[in-house]
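In: Have a look; sequence and predicted model below, questions after that.
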Amino acid sequence: MRLKQIKLAGFKSFVDVTKVPFPHQMTAIVGPNGCGKSNIIDAVRWVLGESSAKNLRGDAMTDVIFNGSAERKPIGQASVELIFETQSEAQSETNAESTQHSPTNNFHLAANLAERNEVSIRRTVNRDGQNVYYLNGSKCRKKDITDVFLGSGLGPKSYAIIEQGMISRLIESKPQELRVFVEEAAGVSKYKERRRETELKLDHTSDNLSRLGDISQEIGIHLNVLDQQATQASQYRKLKAQERELKSIIATVKYQAAQQQLDKLSTVIAELSQQMTTAKQELGEQKAALTKQEQAIEQEYQRLSQAQHELTSANQANSRCRQELATAQHLLANNEKQLARYAEKQRETSEKSQQFQTEIGNWQKKLAELAPQILLAEQALVAAKAQLLSLEQQLTAQEQLVHTKNRERLAQQEQRIAQQKAALAHQEALAKLDAQLDAKQSRLDELDEQTLDDLDELTAQQQSLTNDLAATQEALDALHDEKRQVDAELKATVQALSDANQAQLAGQLQLQQLETQLAVKEEWQSECEHWLTEQGITGLQSYRKVISVEKKWQVAVDKVLGHWLDAFLLDNKDFAQLLPTAEQTLEKVTQTAERYWLINQSKLQQHAQLGSLATKVSTDIGFLPLLNQVQIAHDKSALATLLSTSADNSDTDDGYIVCPDGSLWSRVASSKGREVQGANRLALQCQYDELKAHLANQEPLINDLSNKQAGLKATQQSLVQRTEQLTSQQSAQKLAQQKVISEFEFKSAQVAQHNRQVLQLTQAIDELTQERHELVVIIEQKNVEVAAHSQTAQQTQQAEQALANLQTQVTALQTQKHASQQAVNEAQHALQQVQLEHQQHSLSLRQTELQLVHANEQQRSTEEQLAHYQQELAKLPKTDALAQQVNESSELVEQAQAKLATAELQLDDSKAQKSQLAKQITLQETRVSQQNDTAHQQALKKEQLVFELNAAKASLSELKELNQQQVFGEPTGSIASYQQQLKQVSRKLAELGAVNLAAIDEFQLQQTRKNQIDLQIEDLTQAVATLESAIAKIDKESRQKFKTTFEQINQGFSALFPKVFGGGQAYLTLTSDDLLDTGVTIMARPPGKKNSTIHLLSGGEKALTALSLVFAIFRLTPAPFCMLDEVDAPLDDANVERFCNLVGEMSKTVQFIYISHNKIAMEMASHLTGVTMMEPGVSRMVSVDIDEAIAMAEVS
């Protein structure tokens, strides 16, 4: 593949969309310094994944975005796209070139890219620093771009892109940096990436293996504990089974008694239903009679409506006739007026036509008079323009002469300013010397004063230490007082903490009691959960856990729902599987299986009825129907209102009314109903939560007291330490006082040393004074030179006087030019006025002609309207016939009013009969309502009995060993004996204490988990061995490829170096025997030299050596292209020719793109691409095909 073109937009100086094509194997990019040539190289490096702004000659990655110029604003995004053409397309395009061949490199694209004729790679960045990569127009990662060119020699740091200065850095690079080029040529970079990924996987696998080992050990310890708990749980289940059996037998007797009461009540309800049926039949007959009467009324209404319709029609006909009569009379008068008006209008139009014809003749005469004036104005304008052109030419010549004189005057002024600046610099140097003399003198004075100041300072320190000793003693006294206060506060804090701990302990004991009560109420739920587990159903929630009840109504919800709060929620499938189809139906919302309370979740109601107990419950699952059936009364007055409303309104829904204290009332009977017995677990749970929250709130208080106690103790200890510190400080101050006395004696010894320094400073001042004198002499010489230039200043004044004279001449010419320009303007104005007057006359003539045409058309229109109104007047109807029609329609209206009065009388009679039937129906409905109330009361009693019966049935536990006769038939023993046995079993259960019922399942679950983890450990151990084997294989292949490639590059380098230099030798060496980590060094000796290191070579020799190495790599592993940025800059002409010959030979297999200022290198290229910057800060492209240019030159 080869590079076809580069597309830049907003990248550095390429602000506009710029395409740089590369149609040939050798393309040279030329242009002046600073025009943006190297930006093309930076663009290629950037799009291949360069992430260092320093390597792109910037401080941040956003610096590659065009930042604006003098005439352009900054833009927000930069984009660079490389377009490659594959091997087949490149071959087809270059077969026509006899001197060029397609590159045959070792780089192969992936299968999905090799099938494409072109491969596009693009990178964009915005001002926020967000980079986006595209591969063939699709977004991708930077890693995807890197993988495409991995092992091809292309990349942000590859040997295929050599920028300015990189040649010298390459030859002087460290061994490990030079090794990178060899690895890229060998394709080892792919193996290194695979090895890095494999090592990461190996580290993750090892971490997982260690973590699984720890988990396996913890599970083993947990299994030992679960084994003991599982044994205890088995004993508990056996005892609970016996307990359930005894409770089911005791509940059987209660169930049978409730069943008998239910049968009696059903008989009473059946009799009431028969009575209601008879009453309803009678009511139906009365309603049928009422319906017939209503139908008769409807017929009367229809006759009444018809009569009203006839009356309306008659009124409308009468009104229409009267309106037609008035309209005819109006039209008759109007037509007569129009005839008179149009006759007058016809006369006026004739007079206007004659007037317009007279005006047309006058305008035509005026236009004929203006034609000669226009001709004279045009001739005057031509003469004025000729004079203006002559004056402009003279003015241009004078302005050029003035410009030349100004340049000469400015050059003289710049020379004089330079001399003045030199004199000013010497003056500044003199001022600096004066400043140095002053500084030395000040230092001398300071040394004289320093000794006295030091002695005074020591005296002051001695006095200060005496004062510090007194202050330290006062601080010790204050610390003793503070310590006594802290001791008293600490004693009070200890007492408060003791009281709080006692209160916390009492609360915890109460909390344990509540937990015990709640645990007792959870026993039957645990049994139910165990039974469900045996049926294969786990992970269920009770209805209590999915609802939230307002605190005020918790007792009421407890009393209404009872055991339903602890019922488990099942889906429809599991519910149908558990319940016997012979005894249960899925139409009800809640059902029971044996003695366990279960809820079919799909039958729950999703909306709470207004005023029901469900409004005080919050849930995401749904509401039990019982919650919607029970209404709420906030207090006794609200209860009385609801009961009275229910008694008065027979249509009110059946149900109960509950108060916040849990009392339940019937909505039908005006008396207090029987309370529904149930657990008070919600209240206990609320009390438990409040107590737990109170204890949690007390903990911060106790912690604060504990922290305060600890803080006071720390303060007490700190005071003790501070007392000890002040005591030590007092001793230290006494020692410091002795030390100051010693220093006073030492300072006296320093006085002699200061005197010696004063002598040295005096000598330095003398030297600076001599230097100042020499500088004053130089300044005087400069002043003489300035005086010499004063004569030149006089000459300058003379030149300025001559310049002023020329400027006067220019001003005069400009005045003449202005006068000529004014004459031209006046001539043009005169011509325009004449032409404007001519146009106005022509326009007036056309307007008059149009008015004449309009007047003629208006006259014809008036004549037509006049004839039309005469015809309409003849067509108007006679008013006598219309008056006859009005009288006939009035008679029809009177007849319709008589029919309407008759229909209204008949309708009133029908309404009276209907009212009598309605009263009879109301009396019958009242009797039916009373019977319905009685039946409803009996139904409520039956519903209550059914509710109790279901509760008793739900408490039964049907064991697998008992048949249906044993559970619901007569018990074989006495109830007292069964109750005694139940007490014994309960006592054994209590002796077992707390039991983990889930231990058996948990033991099996943990055992299964441990087996799975052991299998995972075995798999991970095998995976670690596989990864280590893969790394060893990668290392082996990497060593082999690196060794082979190194030897081939070394051989090519050794052969190519003498060819470039015309002799000498060069070779590569390894720094160690480890081929995975060894570095690479270069040794080169040009002809006639025996240098010991590469660093002793000249710049040109280093450049040729580096090029020899790069081209040796290209011969072995050619990259798709090679980009060189002014690598020939340090070479002389002879070496440039060698470089060009080598590039020309290599271009048969490698596409070269290089930047150069050398003419020899430019001649070598097949295609020249120029970069210009005509607009400051903006680069543009200009390309030339060398072969086509030569052919055009030969033809011309």
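Out: Good, I have the coordinates. Residues are numbered from 1 along each chain as shown.
In: For residue 500, the count of nearby residues, please.
Out: 18 (other Cβ atoms under 10 Å). To be clear about C-beta, it is placed using only N, CA and C from the backbone, and glycine gets the same treatment.
In: Please apply the same query to residue 771.
Out: Look at residue 771: counted by other Cβ under 10 Å, it has 13 neighbours.
In: So it, which state does it fall into?
Out: Secondary structure for residue 771, judged by DSSP: H, G, I helix; E, B strand; the rest coil, is helix.
In: Against residue 777, how distant is it?
Out: Here residue 771 is placed at a distance of 11 Å from residue 777 (Cβ to Cβ, to the nearest Å).
In: what about stretch 558-567, average pLDDT?
Out: In this model, stretch 558-567 carries a mean pLDDT of 72.
In: next one: stretch 715-731
Out: Averaged over stretch 715-731, pLDDT sits at 76.
In: how about that stretch: buried residues?
Out: Buried positions in stretch 715-731, judged by neighbour count with 16 or more other Cβ atoms under 10 Å: 715-716, 719, 722-723, 726, 729.
In: just stretch 18-27 next, same as before
Out: Applying 16+ other Cβ under 10 Å to stretch 18-27 flags 18, 20-22, 24-27 as buried.
In: what about it, how long is it end to end?
Out: Across stretch 18-27, the terminal residues are separated by 17 Å (Cα to Cα, to the nearest Å).
In: which stretches of the stretch 1-150 of the chain have low pLDDT?
Out: 87-115 (pLDDT under 70).
In: Mind jotting down where the helices sit in it?
Out: Assigned by DSSP state H, counting those that start in this stretch, the stretch 1-150 of the chain shows helices spanning 37-47, 87-94, 111-114, 142-148.
In: mind checking the backbone torsions on residue 129?
Out: Backbone torsions of residue 129, given as degrees, to the nearest 10, read phi 80, psi 10.
In: tell me the contacts of it?
Out: By Cβ atoms under 8 Å, 6 or more residues apart in numbering, the contact set of residue 129 is 60-62.
In: redo that, cut-off 10 Å
Out: Applying Cβ atoms under 10 Å, 6 or more residues apart in numbering to residue 129 gives the contacts 60-62, 65.
In: Show me how to select, in ChimeraX, the buried members of those.
Out: This is the ChimeraX syntax for the buried subset of the contacts of residue 129, where burial follows 16+ other Cβ under 10 Å:
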select :61,62,65
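In: between the contacts of residue 129, which is closest to residue 1143?
Out: residue 61 (32.7 Å; Cβ to Cβ).
In: Hmm, the closest one is touching residue 11, no?
Out: No: using Cβ atoms under 10 Å, residue 61 makes no contact with residue 11, being 12.0 Å away.
In: where do the contact lists of those two overlap?
Out: Listed contacts common to residue 61 and residue 11 are 46, 78, 125; contacts here mean Cβ under 10 Å, 6+ apart.
In: Just among those residues, which is most surrounded?
Out: Ranking the shared contacts of residue 61 and residue 11 using other Cβ under 10 Å puts residue 78 first, with 26 neighbours.
In: wait, doesn't that one sit right on residue 17?
Out: No: in this structure, residue 78 is not within contact of residue 17 by Cβ under 10 Å, at 11.7 Å.
In: and the gap between the closest residue to residue 60 other than its chain neighbours and residue 65?
Out: What sits nearest to residue 60 in space, not counting adjacent residues and going by Cβ to Cβ, 6 or more residues apart in numbering, is residue 53, at 5.3 Å. Per Cβ to Cβ, residue 53 is found 12 Å from residue 65.
In: where do the helices sit along the stretch 601-750 of the chain?
Out: Counting by DSSP H, counting those that start in this stretch, the helices of the stretch 601-750 of the chain are 625-629, 636-648, 681-875.
In: just the stretch 1051-1196 of the chain next, same as before
Out: 1099-1116, 1133-1146, 1159-1164, 1186-1195.
In: So what touches the shortest one?
Out: If you take Cβ under 10 Å, 6+ apart as the criterion, helix 1159-1164 is touched by 26, 28-30, 1124, 1126-1128, 1131, 1133-1134, 1136-1137, 1139-1141, 1143-1144, 1147, 1152, 1154-1156, 1158, 1168, 1186.
In: what about burial for the residues you listed, which qualify?
Out: Counted by 16+ other Cβ under 10 Å, the contacts of helix 1159-1164 give 26, 28-30, 1124, 1126-1128, 1131, 1136, 1139-1140, 1143-1144, 1147, 1152, 1154-1156, 1158, 1168, 1186 as buried.
In: Which members of those residues are positioned in strands?
Out: 26, 28-30, 1124, 1152, 1154-1155, 1168 (DSSP state E).
In: Among the residues you listed, which pair sits farthest apart?
Out: Largest pairwise distance in these, by Cβ to Cβ, is 15.1 Å, between 1124 and 1168.
In: Would you agree residue 1043 is in contact with residue 1074?
Out: No: look at residue 1043 against residue 1074 with Cβ under 10 Å: they stay out of range, at 11.5 Å.
In: More neighbours: the two, which one.
Out: Neighbour count, other Cβ under 10 Å: between residue 1043 and residue 1074, residue 1043 has more, with 13 against 9.
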